[in-house]
Structure formats: structure tokens, C-alpha cells
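Q: Sequence first, predicted coordinates after that:
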Amino acid sequence: MFSQLFGNYLVEKEIITAEDYKAAIEQQMAVRVKLGTIAIADGLLTEEEVESINKMQMQYDMRFGDIAIDKEFLTAEQVDGLLKKQGNPYMQFIQVLMESSKMTATVLEKTLAAFQKEKGFSDDDMEALKNDNLDALVPIFAFSAKPYVTDLASLVVRNINRFITRDFYIGKIKHADSLDYRYLAGQKTVGKDTICLALAENEDDDAFALMASNFSGIAHEKTGEDAIDAISEFINVNSGLFASELSKKEIHMDMEPVFAYKDQTVKGDFYILPIYIENHKVNLIISVNAEMDMGQIPFTFTTNVNKVYEAKPDSMGTVLV
């Protein structure tokens, strides 16, 4: 996330061009490969074992390396070795940036100090940024005294990093009572508390299609309902993980069916966390124990019409058990 925040800052200050920033991000994304890919290349895991761990990430709020250790696919020492081969994302970005933009080390040092001061980051915040420590970073941007809000934001951001893309950053969370949107997909979890989690695309953008393509691995049309369906599935994954985590604390929650709306306004008492995914904006919506009006007319998915054939009176029927 440091690369995106600092890179956009450099563009705003006209220290580098938007083209320089885009090139640096593309090169950095190409450098760091997945742990599973490295493990297969090193002969530590098979493709089937990597796929098994990837599926478990959908079930548990854990990183690939943590699952590999917990399930005894790899040792802690082996995972540490894989992480070192991935490289430090901060150093990767700085190296690419200096090579592509001809920025000197002196200019870089002064610009980093100005960036830290203007954004109000502490030394610990900067350290978390440089190491892509999302658990430490999200509370800086998404702090809320209301229960569950920051925890849910952290969960969603971690899963965007795991399942969608590393090329993203977040803005500051804000309190809201209404939001116009183009597309919205969400889900309620009910029990002792009522929690609503949703993603909304409120601009003429292709953020939902981009997220859906990265999440499912299948290209989606900008306005296609399959993209909304994939986003609904992503929301369901997060709601399920959150409900499972609460159940460990003996707080039992039930998940209602996912819902979707198009071209309406959400009203109520909720928080908005802006998320910029490959420079396309979506809004994460979180509400806790609040009356929410998501829209008047739900989005309906087209279904295949089943053709029913009339059977002849003398036809013999069969039953398949």
C-alpha cells in the first residue's frame, strides 16, 4: 500500500508523471510472486497442495504461510525462506522508481519526510507502510469506536490483498447517512447485533468488473450481472469468515442471503471506507445495529427459462435415484 500512497503523492506534487508511476507499479507487481508459486518451483509443494491451501484461505482468516505451517505442509523456516525470496515491496518500488524517473537518493529522502509530515504518519506508521503490515495499517485509516467496524474493514482489506490484487490503497473512513451508487452488493449478519457489509461502486467506473475478474479469474463485462454475482460471493466470503471468528467467542450470528441493487441510494447510519483498486474506486459500507435502506428495488438476476414438455398419456415414466 505504501507504493500506491507514496506514488500518487509524487504525481500530485508533479515530482514524477502519471506514466512514471504506472510503470513503477507494473514493474513492482511483476517482481513479487505468490508464495505458492515459489514453493512449487522449489519443489516444496505440489500444485495440488498449493490449491488446497488457497481454498483454506477462503475458510480461515489466515495468510498462505500461516496455513502452510499450521497444516504442516511447510516448516516455519521454509516459509521464512519463501518470504525472503518475495522481496521487500518498499525496496522494490524505490529501486524501480529511482531507475525509471532518475530520482536521486537526496530528493527521495526529502520527499519521504515531506510525505510523512503532510499525511500525519508517525515513524511506526511509516514502518508499517514500508512492510505492508495491513493489520497495523487499517486501524490508522479506519479507526472507529463502534464495535466491529475496524475489525471488518481489516478483514476485507486483507482479503482484497489475498484474493484480488496487491495494487490498492485505502482512504480515511467517514461517517455517512446516504450514498448514491451505481451498483451495490452486500449481506447482513444477524444475532446479538445486526451487521451490514456491502461494496458500492458510485461512479461510471469498471471497479466491480475489475474486482470480479481478479477474484474469479474470469473476465467480466463492465455492466454484467456476473460481475455483481462475483462481488456478492466476495462479500459472502468475508461475512462467513467474520461470523466464524465471532463463533469462537461464543457469539453466534446468522448470515442472511446476499443482496444487490442498481442506480439507487443507500440511507441510514453507516461508515464508508474508500478503497482504490488499481486506481478504480469502490466504497466499503459497514453498519452496526442501524436501520438501513439499501434501495427500493433489488437487482434481479436473469434466469434461464426451463422448457416443459408435455408427456404422452401412454409414455412410460422413469425415476432416477
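A: Arrived safely. Numbers count the residues shown, from 1 in each chain.
Q: Only C-alpha atoms from now on, for both contacts and neighbour counts.
A: Fine.
Q: Where does pLDDT dip in the chain?
A: 31-33, 204-205, 221-223, 301-321 (pLDDT under 70).
Q: hmm, 50 instead?
A: Scanning the chain for pLDDT under 50 picks out 303-311, 315.
Q: Would you map the strands across it?
A: Assigned by DSSP state E, the strands in the chain fall at 168-170, 174-191, 194-201, 253-255, 259-277, 280-288.
Q: Which of these sits closest to Ala18?
A: Minimum separation from Ala18 across the strands of the chain (C-alpha to C-alpha) falls at strand 280-288, 14.7 Å.
Q: With just CA atoms, put that closest one into PDB.
A: Output in PDB follows, covering the C-alpha atoms of strand 280-288 (Å, rounded to 0.1, in the frame of the first residue of the first chain):
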ATOM      1  CA  HIS A 280     -10.600   2.400  -9.600                       C
ATOM      2  CA  LYS A 281     -12.700   3.400  -6.500                       C
ATOM      3  CA  VAL A 282     -15.200   1.300  -4.600                       C
ATOM      4  CA  ASN A 283     -16.700   2.200  -1.200                       C
ATOM      5  CA  LEU A 284     -16.800  -0.400   1.600                       C
ATOM      6  CA  ILE A 285     -20.000   0.200   3.600                       C
ATOM      7  CA  ILE A 286     -20.300  -1.100   7.200                       C
ATOM      8  CA  SER A 287     -23.200  -0.500   9.600                       C
ATOM      9  CA  VAL A 288     -23.700  -1.900  13.100                       C
END
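Q: Could you spell out the sheet neighbours of that strand, each with its direction?
A: Here strand 280-288 is paired, per DSSP bridges, with strand 194-201 (antiparallel), strand 259-277 (antiparallel).
Q: tell me the most buried of these?
A: For the strands paired with strand 280-288, average neighbour numbers computed from mean count of other C-alpha atoms under 10 Å are highest in strand 194-201, which has a mean of 23.
Q: quick one, longest helix in this protein?
A: Ranked by residue count, the top helix of the chain under DSSP state H comes out as helix 225-248.
Q: can you list contacts of that one?
A: 58-61, 152, 155-156, 159, 183-187, 189, 197-199, 208-209, 211-213, 215-216, 220-221, 252-255, 258-260, 301 (C-alpha atoms under 8 Å, 6 or more residues apart in numbering).
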